[in-house]
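A.B. asks: give me coordinates for this.
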Amino acid sequence: MFQNVDILRMSGNSFTGSLPTVYGLLENLTHLELDYNFDITGAIPTELMECNKLTFLSLYNTGISGNVTFCDSFGGILLFV
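C.D. replies: Numbering: from 1, shown residues only. Just a heads-up that it's a prediction; the model follows:
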């Protein structure tokens, strides 16, 4: 349904809980902004590694914790944590 989504800007929306794994289904996603959602917790889902077009990921001012690991398909990603 959302396979053509390439940019998601959802900063400052008071989201809570962990990041949904469904983001990994967005095969054309290039830009994901979730900063200033202070109550997002947990780790970055490994399913995001399926977004091999992702070049910008902003998780600044969230409760994301743990290690940030990416596979080789993330060429030149700009990450803000």
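A.B. asks: by mean pLDDT, point me to the weakest helix or strand of this structure.
C.D. replies: Lowest on mean pLDDT, DSSP states H and E among the helices and strands of the chain sits strand 78-80, with a mean of 60.
A.B. asks: number of nearby residues for Pro45?
C.D. replies: Per other C-beta atoms under 10 Å, the neighbour tally for Pro45 reads 15. All C-beta atoms are positioned from the backbone trio N, CA, C, and that covers glycine.
A.B. asks: do you know how far the closest residue to it other than its chain neighbours is from Met49?
C.D. replies: Nearest residue to Pro45 in three dimensions, chain neighbours excluded: Thr21, at 4.8 Å (C-beta to C-beta, 6 or more residues apart in numbering). Going from Thr21 to Met49 by C-beta to C-beta, to the nearest Å gives 11 Å.
A.B. asks: and these two? Which one has more around it.
C.D. replies: Looking at Thr21 and Met49 with other C-beta under 10 Å, you find the greater number of neighbours at Met49, namely 16 against 12.
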